[in-house]
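Q: here are the coordinates; sequence isn't available:
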């Protein structure tokens, strides 16, 4: 069986489902496929910063997220040991609020919206081969959960299948600005662990963050330098709790709570990929991956989805050539995320900040505007250099 689409989107999570939804809303015929059974959880930082929340509002989906009971996050707290900065991000697109929904909750909303827009959704559909003709990607060959095989042809195949993207490997997408794995983190969910907003703690060589999510649960994420990953994995629970003991009051709060699920964790490399070529495009982590310490992944995926859909609409409608539209997509993506990439990868080393940076942070204590400004940097509503350095100076985290 062979079917022809305007786009086949491989990966139906926070990059792929919105891309499919937006293309379908423009009237294009779209297949959205994922090898997982949906809805389901996946390893995630959970956090949607205000830019991502603004996207949900533009798409008419924010009320659905709110209706799940996921608590709004309006404050960001950063415990550096000698002092703690607490601020609220500057608004972006009319909102300064964040949310940290379970992925099985968020992804279900996004996939449902794609289906409502007219995209054909197939879960438990495995891509066996990326089809090319004359060096151009023309579709995929795959099989469904019942073993039925099919060929799906398309004007473009979009890889939204994560940092290990099948499509990226198949087309040999080039990577650049690569950095190694820097941090190894584990997280789990706790019941009866009250907190206020997005709370983080930084200590030399260690760091952790907490987020409120659905069902009254709190996510607690603890990171160690990647060089110590083997030691961390040797006894995850003991090492996780021993790290929290660096702040005894917080450790006591966690020990009085109840862990509701197993630990999940890992580490990611840091890289950019060229996100397009003849007949193919990459969005989300498939095209650009960085350490999760600043929790930018979901918001970046939403930005990619909108930019990709606009670029392909220009291509399909004849307003621009594929090369013109997608080279502009890459250029805009890199310009938007470049500074945050450097800021994030510096933070992910978990090294103490340089003295001048430490003084900047300490000087912000008690200054509401400066504390809000720092919260805005982490939330992605202000560029790092605007807090840390004058224009043209080196950004140092």
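A: On my side now, so go ahead. Predicted model, so just to flag it, every value in this text is computed and none were measured. Numbering: from 1, shown residues only.

Q: Point me to the helix or strand that includes residue 336.
A: helix 322-347 (DSSP states H and E).

Q: which helices and strands sit right next to that helix?
A: strand 270-273, strand 276-277, strand 288-289, helix 297-317, helix 384-388 (3 or more CB pairs under 8 Å, 6 or more residues apart in numbering; DSSP states H and E). From N, CA and C alone the C-beta is placed, and that goes for glycine too.

Q: what angle do it and helix 297-317 make?
A: Angle, helix 322-347 to helix 297-317, by axes from the mean of the first three to the mean of the last three CA atoms, to 10 degrees: 170 degrees.

Q: Name the residues of helix 322-347 that are buried.
A: Going by neighbour count (16 or more other CB atoms under 10 Å), the buried part of helix 322-347 is 322, 325-327, 329-330, 333, 336-337, 340-347.

Q: Over to stretch 85-99?
A: Those would be 85-89, 92, 95-99, for stretch 85-99 by 16+ other CB under 10 Å.

Q: for the stretch 251-397 of the chain, which spans come out with low pLDDT?
A: In the predicted model of the stretch 251-397 of the chain, residues 390-397 satisfy pLDDT under 70.

Q: Could you rerun that using 50?
A: 391-397 (pLDDT under 50).

Q: Now do residue 245 against residue 233, distance only.
A: 19 Å (CB to CB, to the nearest Å).

Q: now do residue 345
A: Residue 345 is 22 Å from residue 233, by CB to CB.

Q: quick one: contacts for residue 127?
A: Residues near residue 127 by CB atoms under 8 Å, 6 or more residues apart in numbering: 10, 33, 35, 140-142, 166-167.

Q: for residue 54, same thing?
A: Neighbours of residue 54 in contact, by CB under 8 Å, 6+ apart: 92-95.

Q: Assumed it was part of a helix.
A: Yes: under DSSP: H, G, I helix; E, B strand; the rest coil, residue 54 falls within a helix.

Q: which residue sits closest to it, ignoring its sequence neighbours?
A: Nearest non-adjacent residue to residue 54, counting by CB to CB, 6 or more residues apart in numbering: residue 93, 2.8 Å away.

Q: Which of the contacts of residue 127 ranks first by neighbour count?
A: Neighbour counts for the contacts of residue 127 (other CB atoms under 10 Å) peak at residue 10, which has 27 neighbours.

Q: pLDDT score assigned to it?
A: On pLDDT, residue 10 comes in at 98.

Q: Any chance of the backbone angles for it?
A: phi -100, psi 110 (degrees, to the nearest 10).

Q: for the residue lying closest to it once chain neighbours are set aside, what are its contacts?
A: In this structure, residue 10 finds its nearest non-sequential neighbour in residue 161, 4.9 Å apart by CB to CB, 6+ apart. Contact analysis of residue 161 by CB under 8 Å, 6+ apart lists 10-11, 16, 167, 286.

Q: one step back: between the helices and strands packed on helix 322-347, which one is nearest to residue 110?
A: With CB to CB as the criterion, residue 110 lies closest to helix 297-317 of the helices and strands packed on helix 322-347, at 9.3 Å.

Q: Count the neighbours of residue 177 for me.
A: 15.

Q: how close does the closest residue to it other than its chain neighbours get to residue 285?
A: Once flanking residues are discounted, residue 177 sits nearest to residue 272: 4.9 Å by CB to CB, 6+ apart. Residue 272 sits 11 Å away from residue 285, going by CB to CB.
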